[in-house]
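# what's the 3D shape of this:
(2 chains)
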Amino acid sequence: DTGVSQNPRHKITKRGQNVTFRCDPISEHNRLYWYRQTLGQGPEFLTYFQNEAQLEKSRLLSDRFSAERPKGSFSTLEIQRTEQGDSAMYLCASSATGGTGYTFGSGTRLTVV
Amino acid sequence: SQQGEEDPQALSIQEGENATMNCSYKTSINNLQWYRQNSGRGLVHLILIRSNEREKHSGRLRVTLDTSKKSSSLLITASRAADTASYFCATDAWGGGSWGKLQFGAGTQVVVTP
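Modelled structure (predicted):
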């Protein structure tokens, strides 16, 4: 297992387009988290899953954002009708259970032009 | 909103010196964790300290936790140029019916010059 994998690494899209990011967690980890990070700030929580169940969504996650984790394995984060304010690094992390350290992926950097 | 706040925002030291950064938080926690992030990369987990622990060591890292003051500190001893990175504290707060959701501070940028 090579850790948490995120694809793509970079995405440039025009405003109004839809984008989808993928995260493959460490296979033994049943928890999967999505965060967003802008320059000079710490990661902001978006949502997390335990197996296939989405346990919590941040109020930051507008209706344009949706995340799924079918079968409790990989996860996708979709942003519809992208806006310039969506430009950020989107980070995925996984952990074995609650209360343990996270393993982060390298992130997907989104630029909306 | 971010629960943890690091202090200072930036720190510049020379190789061999110690680096200390602090983190304050607002609500009850299960544990507090420190992460390192090199520019443009993902975060790397450094150390986790539970709410019933006061001090923890890992190699050149020493973390303290004072739950009465809702604060933690990270000490890096004998710093090296490779320690140049941003350091974040993260608190494990109750959410979604369980522990395990981390909230991060804005980070401390550490620059270690040879």
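# name every strand pairing with the helix or strand of chain A with the lowest mean pLDDT and say which way it goes.
Within chain A, no helix or strand scores below strand A:53-57, which has a mean of 90 by mean pLDDT, DSSP states H and E. Sheet pairing for strand A:53-57, assigned by DSSP bridges, gives strand A:44-50 (antiparallel).
# not counting the partner strand itself, show me its contacts.
For strand A:44-50, contacts defined as Cβ atoms under 8 Å, 6 or more residues apart in numbering or on different chains pick out A:30-37, A:54-58, A:60-61, A:65, A:67, A:69, A:72, A:75, A:77, A:98, B:2, B:96, B:98, B:100-104. Where C-beta positions appear, they are placed from N, C-alpha and C, glycine not excepted.
# and what of stretch A:13-25?
Identification of contacts with stretch A:13-25 by Cβ under 8 Å, 6+ apart yields A:4-8, A:11, A:32, A:34, A:73-84, A:90, A:92-94, A:103, A:105, A:108, A:110-113.
# can you rerun that using 6 Å?
The contact list for stretch A:13-25 (Cβ atoms under 6 Å, 6 or more residues apart in numbering or on different chains) reads A:4-7, A:11, A:32, A:74-82, A:90, A:92, A:94, A:108, A:112-113.
# ditto for stretch B:25-38
Stretch B:25-38 is touched from outside by A:99, A:101, B:3-4, B:43-51, B:65, B:70, B:72, B:74, B:85-93, B:99, with contacts defined as Cβ under 6 Å, 6+ apart.
# for that stretch, buried residues please.
B:25, B:29-37 (16 or more other Cβ atoms under 10 Å in any protein chain shown).
# thinking again about what came up before, cross the contacts of stretch B:25-38 against strands and list the overlap.
Of those, the ones assigned to strands by DSSP state E are B:43-50, B:65, B:72, B:74, B:85-93, B:99.
# low pLDDT regions in chain A?
A:1, A:98 (pLDDT under 70).
# per-residue confidence for the closest residue to B:Val44 other than its chain neighbours?
Distances taken as Cβ to Cβ, 6 or more residues apart in numbering or on different chains place B:Arg36 nearest to B:Val44, at 5.0 Å, with adjacent residues excluded. You'll see B:Arg36 listed with a pLDDT of 97.
# before we move on, which element is B:Arg36 in?
Taking DSSP states H and E as the definition, one finds B:Arg36 inside strand B:31-37.
# so for stretch A:80-92, first residue to last residue, what's the gap.
End-to-end distance for stretch A:80-92, by Cα to Cα, to the nearest Å: 19 Å.
# paired strands for the helix or strand of chain B with the lowest mean pLDDT, with orientation please.
Sorting the helices and strands of chain B by mean pLDDT, DSSP H and E puts strand B:98-104 at the bottom, at a mean of 83. Partners of strand B:98-104 in the sheet, by DSSP bridges, are strand B:85-95 (antiparallel).
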